[in-house]
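A.B. asks: What shape does this take:
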Amino acid sequence: MSDKNTSPAWSAGAKSHELSTPEALAKNSWLDIWKVYTEAATLRMLLLGFSAGLPLLLVFGTLSFWLREAGIDRTTIGYLSWVGLAYGFKWVWAPLVDRLPIPLLTRLLGRRRSWLLLSQASIMAGLIGMALTDPRATLLPVVWCALAVAFGSATQDIALDAFRIESAESQKQAALAASYQTGYRMAMIWAGAGALWIAARAELTGGAVYQPAAWQAAYLSMAASMLLGVATVLLSAEPLPRILPPSRNAAEWLKSALIEPFADFLRRYGKRAALILALIAVYRISDVVMGIMANPFYVDMGYTKDEVAAVTKIFGVIMTLVGAFVGGGLAMRFGVMRVLMLGAVLSAASNLLFAWLGSRGHDLNALIFVISADNLSSGIASAAFIAYLSSLTNVNYSATQYALFSSMMLLLPKFLAGYSGKYVDSFGYSHFFTATALLGLPVLLLVWLASRTKEPAAQ
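C.D. replies: From the prediction side, this is the model:
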């Protein structure tokens, strides 16, 4: 869409992104719905989604592969996964991203684009630093560079979520979320399989001998890949700026930046706030808890690396993208809450398919069927959930509030997922997958209750 059409999102000042009304949804033809995916704002989110998805695996899965090949012990590699805590606590510095201007850069680019560019520069610098360091020789510089990448990536997420929310009216947020997810997934393939492919091709001899130069080539290539996001930021227009009231002193600024975003949410939703926060905290619980044991399950069922890579990493990603676009279209047609309920049902039900798959032994066709259903369900649920979170934010505090929501949605599921291995050892895979499906039952109740409560009036 053209940038001048972003103005409806700002027309009410402090107005939140309300969910589309049935009357508005009825006016959308299927042709109008799918045309949204060709608009400028949606295409921008595809490229920026790639920029957001690239760093994640480079400080998790790909990095752990590199460290293990370099001879780093598994205990140390496990401790280094705490680098990812930056993503879980990004809401702590989100108010600064939401309100604090960057000297000179904000004046040139605007608040959202300046923070995006600064965070992308941090990511690129961290990746280059990792590339130029051999963890076998000295590990600490790799840790600090990985922290820079994770911190920059989390900051980019904050600014990008706000940029997305402010770039289009709430009715189109599901489509923007679907486009964002597409770019994000493509980047994860590139940062995972792509980085390993580059490292393998850069080896001078057989892969049995550790060669730091091969990983240097891979991580320098990943740093260069961030230029796609940088170019997108530079070529994009800043969402229409909000005029923020001047603060008379530091205490007043801190109140407006740190306290007011959370107080605003509580004022607007009142008693509903607890219900909404509970829904956010558990909506993806079935998927997250089950996902930790997915790869061990494939190994125990006798699937080869090539089979798992082809079915789950390539075909599975395609099905997730299909689900994201279907979910975005359905949300625009039938409303976010209906699709949110559909996603919750499908996510829980697809876990039962894994329990069935466990009874089949090594059955590649059954694996393809289950992965298709599971990833399609995940894509639909994710698109609807992102649109729902976007609808809850007040555009005056979009970065801070969305960062809080997106952090909350993983804390409880990730905590419970830590016990998934012990549960499987005690009760087996079939019982585990069934239990994760049952975890989705409270989600259905919370979605139903949330759909029956009245939206707050615009301020």
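
A.B. asks: thought residue 130 was touching residue 147?
C.D. replies: No: with contact defined as CB atoms under 8 Å, residue 130 does not reach residue 147; the gap is 10.5 Å. Quick note: C-beta positions are derived from backbone N, CA and C, even for glycine.

A.B. asks: More neighbours: which of those two?
C.D. replies: Taking other CB atoms under 10 Å, residue 130 and residue 147 do not tie; residue 130 has more neighbours (28 against 17).

A.B. asks: so who does the residue nearest to the more buried one when sequence neighbours are not counted touch?
C.D. replies: Excluding the flanking residues, the one nearest residue 130 by CB to CB, 6 or more residues apart in numbering is residue 145, at 4.4 Å. By CB atoms under 8 Å, 6 or more residues apart in numbering, the contact list for residue 145 reads 126-127, 129-130, 133.

A.B. asks: Helix or strand: which one has residue 145?
C.D. replies: helix 140-166 (DSSP states H and E).

A.B. asks: Buried ones in that helix, by neighbour count?
C.D. replies: Buried residues in helix 140-166, defined by neighbour count with 16 or more other CB atoms under 10 Å: 142-143, 145-166.

A.B. asks: And stretch 55-71, by the same measure?
C.D. replies: Buried residues in stretch 55-71, counted by 16+ other CB under 10 Å: 55-60, 62-67, 69-70.

A.B. asks: quick one: which of those sit in helices?
C.D. replies: 55-58, 62-67, 69 (DSSP state H).

A.B. asks: how far away is residue 94 from residue 165?
C.D. replies: Going from residue 94 to residue 165 by CB to CB, to the nearest Å gives 13 Å.

A.B. asks: any residues in contact with both of those two?
C.D. replies: Shared contacts of residue 94 and residue 165 (CB under 8 Å, 6+ apart): residue 402.

A.B. asks: related to what we said a few turns ago, right, and the helix or strand after the helix holding residue 145?
C.D. replies: That would be, after helix 140-166 and using DSSP H and E, helix 173-189.

A.B. asks: Could you check how many residues crowd around residue 427?
C.D. replies: Look at residue 427: counted by other CB under 10 Å, it has 12 neighbours.

A.B. asks: ok, it - contacts?
C.D. replies: residue 435.

A.B. asks: can you do 10 Å?
C.D. replies: Counting by CB atoms under 10 Å, 6 or more residues apart in numbering, residue 427 makes contact with 434-435.

A.B. asks: Kindly give the local confidence score, pLDDT, for it.
C.D. replies: For residue 427, the model assigns a pLDDT of 86.

A.B. asks: Check the gap between it and residue 420 for me.
C.D. replies: 11 Å.

A.B. asks: what touches both of those two?
C.D. replies: Applying CB under 10 Å, 6+ apart, one finds that residue 427 and residue 420 are jointly contacted by residue 435.

A.B. asks: Would you mind naming the helix or strand containing the residue nearest to residue 156 when sequence neighbours are not counted?
C.D. replies: Spatially, and ignoring its direct neighbours in sequence, residue 156 is nearest to residue 119 (3.8 Å; CB to CB, 6+ apart). Here residue 119, judged by DSSP H and E, is contained in helix 111-131.

A.B. asks: Ok, residue 424 next?
C.D. replies: helix 420-427.

A.B. asks: Next secondary structure element downstream of that helix?
C.D. replies: Counting by DSSP H and E, the next helix or strand C-terminal to helix 420-427 is helix 429-438.

A.B. asks: Could you identify the helix or strand that succeeds that following helix?
C.D. replies: Tracing the chain past helix 429-438, the next element assigned as helix or strand by DSSP H and E is helix 441-452.

A.B. asks: What lies in contact with that next one?
C.D. replies: 19, 272, 275-276, 278-286, 335-338, 340-345, 347-348, 381, 384, 388.

A.B. asks: Got a PyMOL select line for the buried ones in those residues?
C.D. replies: Burial among these is assessed by 16+ other CB under 10 Å; the matching PyMOL selection reads:
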select buried, resi 19+272+276+278+279+280+281+282+283+284+285+286+335+336+337+338+340+341+342+343+344+345+347+348+381+384+388
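
A.B. asks: Of the contacts of helix 441-452, which belong to strands?
C.D. replies: Judged by DSSP state E, the subset of the contacts of helix 441-452 located in strands is empty.

A.B. asks: Got the domain ranges for this structure?
C.D. replies: 39-241, 252-459 (automatic domain parsing).

A.B. asks: Least confident of the ones you listed, on average?
C.D. replies: Among the domains of the chain, domain 252-459 carries the lowest mean pLDDT, at a mean of 81.

A.B. asks: now the angle between helix 140-166 and the biggest helix by length in the chain, please.
C.D. replies: Counting residues, the longest helix found in the chain (DSSP H) is helix 364-392. Helix 364-392 and helix 140-166 are oriented at 60 degrees to each other (axes from the mean of the first three to the mean of the last three CA atoms, to 10 degrees).

A.B. asks: what packs against the helix or strand following helix 364-392?
C.D. replies: Later in the chain than helix 364-392, the nearest helix or strand by DSSP H and E is helix 398-417. The contact analysis (3 or more CB pairs under 10 Å, 6 or more residues apart in numbering; DSSP states H and E) places helix 398-417 against helix 85-88, helix 94-99, helix 111-131, helix 140-166, helix 260-269, helix 272-282, helix 285-291, helix 364-392.

A.B. asks: For the shortest one, buried residues please.
C.D. replies: Neighbour-count burial for helix 85-88 flags 86-87 (criterion: 16+ other CB under 10 Å).

A.B. asks: And for residue 407, nearest residue in space, chain neighbours not counted?
C.D. replies: In space, and not counting its chain neighbours, residue 407 is closest to residue 91: 4.8 Å by CB to CB, 6+ apart.
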